[in-house]
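[1] A predicted structure for the sequence below; I have some questions about it.
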Amino acid sequence: QVRLVESGGGLVQAGDSLRLSCAAFGLTFSTYAMGWFRQAPGKKREFVAAIRWSGGSTFYTDSVKGRFTISRDNTNMVYLQMNSLKREDTGVYYCAANQMFDSSWYQGSMDYWGKGTLVTVSS
């Protein structure tokens, strides 16, 4: 079956960097757009970033533009490089896969989800 397994979360200070990784199993990776969502304590899960099947196109939520970079490789891995972290970036980060690369990402209508990795940014 399909599994998405996140790693790389942890406790960092504001201004630090962190790289999240997501390993995808059981799906034809090259046919799925991949991305990241996050959920802060007491808030709804929100879209963070997505990357097209080929990796040629990406888009981000406004609050992370210029600080976060999503990438993927041909070993079924997706990454989220997070720089200049802020306290408001704290949350559980989820990897997601979807065969569509469209507005469904903003709506959170994904085909598959990982279980999440916790990122805590302290001031």
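    Ah, there it is.
[2] following the lowest-mean-pLDDT helix or strand in the chain, which helix or strand shows up next?
    Using mean pLDDT, DSSP states H and E, helix 104-107 stands out as the lowest-scoring helix or strand of the chain, at a mean of 89. Downstream of helix 104-107, the first helix or strand assigned by DSSP states H and E is strand 112-113.
[3] picking that back up, counting contacts, what elements does the least confident helix or strand of the chain pack onto?
    In this structure, helix 104-107 packs against strand 46-51, with contacts taken as 3 or more CB pairs under 8 Å, 6 or more residues apart in numbering; DSSP states H and E. For the C-beta atoms, the positions are set from N, CA and C on the backbone; glycine is no exception.
[4] Identify the residues contacting the strand it packs on?
    33-39, 57-61, 64, 68, 70-72, 78, 80, 93, 98, 101, 105-106, 108 (CB atoms under 8 Å, 6 or more residues apart in numbering).
[5] Name the residues of the least confident helix or strand of the chain that are buried.
    104-105 (16 or more other CB atoms under 10 Å).
[6] Stretch 47-62 now?
    With burial defined by 16+ other CB under 10 Å, the residues of stretch 47-62 counted as buried are 47-51, 53, 55, 58, 60-61.
[7] so how far does that stretch reach from one end to the other?
    10 Å (CA to CA, to the nearest Å).
[8] Give me the most central residue, the chain.
    Nearest to the geometric centre of the chain sits residue 36, at 2.0 Å (CA atoms, centre = their mean).
[9] Which residues are in contact with that one?
    Neighbouring residues of residue 36 by CB under 8 Å, 6+ apart: 20, 22, 48-50, 70, 78, 80, 93-96.
[10] Compare those and tell me which has the most neighbours.
    Neighbour counts for the contacts of residue 36, by other CB atoms under 10 Å, peak at residue 78, which reaches 29 neighbours.
[11] That residue is in what secondary structure piece?
    Using DSSP H and E, the element containing residue 78 is strand 77-82.
[12] Check residue 118 too.
    Assigned by DSSP H and E, residue 118 belongs to strand 117-122.
[13] Check residue 19 too.
    strand 18-25.
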